[in-house]
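Colleague: Give me the fold of what follows.
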Amino acid sequence: MSSSSSGDNNNWSSNLSFVLAGVGSAVGVANLWRFPYQAGENGGAAFVLVYLLSVVLIALPLLKAELFIGRRGGGSSVEAFRTLTGKGRGSRYWEAIAWIGMITSFLILTFYSIIAGWVLYYCAEISQNLFARVGVEGVSALSGGAFEGETAENVVARFSHLSRSPNTMILCHGIFILMVCAVVSRGVKDGIEKATNLLMPGFFVLLLLLTVVALLRGDASAAVNFLFAPDFDKLADQFANGQILISAVGQAFFSVGLGAALMITYGLYVGRDQNIPKAARLIAFADTGVALVAGLAIFPIVFAFGLEPSQGPGLMFVTLPIAFNQMAFGGVVSIAFFFMAFFAAFTSAISLFEACVAYFGGAKGLSATERRTRRKKGAALTATGIFVIGIANVYSIQPLDADEGFWNTWYPLEWVPLFSGKTLFDVLDVMTTNILMPAGALFTSIFVGYVLSRNDSREELSQLSHAQYQVWRFLVRYICPAFIFLILLWGAIVTPMTGS
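Modeller: You can find the predicted model right below:
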């Protein structure tokens, strides 16, 4: 069975382009703060070991499954399920998996683009500041820190000012979505592939350069101990309440981007000559490698200046700028860091956007012209919806003392324990992370393990030996559903009940 694509210029032109696009999808802004911090706080090397086992036993089998669903079914993610269930293999209600994934990707973009807008803002602010100093002081200004001459309080105040400037955030959010829309609307080869082929090598170069600088100029030993020194006492304590297992499995699961139709959509464009198992391994372990190396690029600098490693946006937009402000050549380093973060945010957003847009041109039997037209219209409609909901999200995260009106005091699902006290931005974040993604992945594993025939999966994973295929099938039928169900149960029920 040959794949059909929703794009006017359909399949990836090479295995390298496919892998770069897949890695770009998996590597996002959260790789730069979430995984390194979780590793350090949950037993260092011991946590990394549990995480790697989670990648091998859960994320990787499901990644292979999502990729071959796309290639086997063709069209769009919805069309792929429709094709695979149209031969007496199950109800067409299984199409709901694709709809869950597309809705998830759409909702994620409504708030992810705001964070990406912050990155874009800092790229512009730091570049403008540094180039203005060079214009006055000459090349010697390059040796100074970021925002040189400002106090740490002023550096912190920059992010506080941004968080209280809805018009600025809306502008950055709109520019970012417009850029993503422009790329995706051009199709697979002319848009997505060209962008990822350009940005991902640049991302890797910047990451390696920043890592070398951090290890040479920062506190490398403290960072290595934080990330990799095994703390088995902490590991044992976390295992006792199940938290480390859930954290490691959840990190492996979410980092690769499973359950949001991303990899199903990218699988649509995989040619018959391309090796899905090999590509899946490269994508999963490249994503893991980036997260680990990112820790070595960030935490030596944080520890060198006596700062505390924080999780989330605080690390990127408060802690690191303070450190960059104090270090020699901090202005140059900070520009490199934020452009690297922008590349990561942009390539991830492309895959989220494509998961939605592929639907519009995914019907089989369309001419190339019809596909191009539908893709452009679908991209414009998707961008408009994301932008509008994003505006509400911007106002919902305004500080209460900013007095921006309705949105920052509206808790849309207050009666649900999981969403108690959460504004629209937080509700969408928690809903996609704790419910929709695990649900989409759970149904996908059940669909592949119990609805699709063995012949379907065996043909798509023909590069696996008989023994390897049997192991994969066991994992996707039993291990993946069990652990994904635990993630769903923990995130949607246990966490709000216990407050953990």
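
Colleague: how far away is V430 from G43?
Modeller: According to C-beta to C-beta, to the nearest Å, V430 and G43 sit 25 Å apart. For the C-beta atoms, the positions are set from N, CA and C on the backbone; glycine is no exception.

Colleague: neighbour count winner among those two?
Modeller: Neighbours were tallied for V430 and for G43 using other C-beta atoms under 10 Å; the higher tally belongs to G43 (25 against 20).

Colleague: so the more buried one, which of the three states?
Modeller: coil (DSSP: H, G, I helix; E, B strand; the rest coil).

Colleague: Would you agree it is in contact with L227?
Modeller: No - look at G43 against L227 with C-beta atoms under 8 Å: they stay out of range, at 10.6 Å.

Colleague: give me the low-pLDDT residue ranges for this protein?
Modeller: In the predicted model of the chain, residues 1-9, 87-90, 234-244, 363, 402-404, 495-500 satisfy pLDDT under 70.

Colleague: Run through who's touching stretch 145-159.
Modeller: If you take C-beta atoms under 8 Å, 6 or more residues apart in numbering as the criterion, stretch 145-159 is touched by 118, 125-126, 129-130, 133, 141, 317-318, 321-322, 324-328, 330-331, 333-334.

Colleague: Would you mind measuring the gap between the ends of it?
Modeller: In stretch 145-159, first residue to last residue: 17 Å (C-alpha to C-alpha, to the nearest Å).

Colleague: Run the chain-centre distance for it.
Modeller: In terms of C-alpha atoms, centre = their mean, to the nearest Å, the centre of stretch 145-159 is found 29 Å from the chain centre.

Colleague: same deal with stretch 119-133?
Modeller: When C-alpha coordinates are averaged (C-alpha atoms, centre = their mean), stretch 119-133 and its chain have centres 25 Å apart.

Colleague: Would you indicate which residues of that stretch are buried?
Modeller: Buried residues in stretch 119-133, counted by 16 or more other C-beta atoms under 10 Å: V119, L120, Y121, Y122, C123, E125, I126, N129, L130, R133.

Colleague: Tell me the helices and strands packed up against the one helix or strand the fourth one maps to.
Modeller: Read it as Y122. Using DSSP states H and E, Y122 sits in helix 96-137. If contacts are counted by 3 or more C-beta pairs under 8 Å, 6 or more residues apart in numbering; DSSP states H and E, helix 96-137 sits against helix 77-84, helix 152-163, helix 166-184, helix 262-267, helix 330-357, helix 368-396, helix 424-430, helix 437-446.

Colleague: can you do 7 Å?
Modeller: The contact analysis (3 or more C-beta pairs under 7 Å, 6 or more residues apart in numbering; DSSP states H and E) places helix 96-137 against helix 77-84, helix 166-184, helix 262-267, helix 330-357, helix 368-396, helix 424-430, helix 437-446.

Colleague: what angle do that helix and helix 437-446 make?
Modeller: Put simply, helix 96-137 runs at 130 degrees to helix 437-446, going by axes from the mean of the first three to the mean of the last three C-alpha atoms, to 10 degrees.

Colleague: Next, the angle from helix 96-137 to helix 152-163.
Modeller: Helix 96-137 and helix 152-163 are oriented at 130 degrees to each other (the same axes, to 10 degrees).

Colleague: From the chain's centroid, how far away is helix 96-137?
Modeller: In terms of C-alpha atoms, centre = their mean, the gap separating the centre of helix 96-137 from the centre of its chain is 13 Å.

Colleague: how near is T382 to A439?
Modeller: Separation of T382 from A439 (C-beta to C-beta) stands at 22 Å.

Colleague: Looking at the two, which one has more neighbours?
Modeller: Neighbour totals were compared for T382 and A439, and T382 leads with 27 against 21 (other C-beta under 10 Å).

Colleague: Could you find the closest non-adjacent residue to the more buried one?
Modeller: Counting by C-beta to C-beta, 6 or more residues apart in numbering, C356 is the residue found nearest to T382 once chain neighbours are left out, at 4.8 Å.

Colleague: what's around that neighbour, how many residues?
Modeller: Residue neighbour count, defined by other C-beta under 10 Å, stands at 27 for C356.

Colleague: Same check on the one 4 residues further on?
Modeller: A count of nearby residues for F360, using other C-beta under 10 Å, gives 20.

Colleague: Surely G24 touches T347?
Modeller: Yes - with contact defined as C-beta atoms under 7 Å, G24 reaches T347; the gap is 3.1 Å.

Colleague: so what sits against both of these two?
Modeller: Residues touching both G24 and T347 (C-beta atoms under 7 Å, 6 or more residues apart in numbering) are T196, L199, M200.
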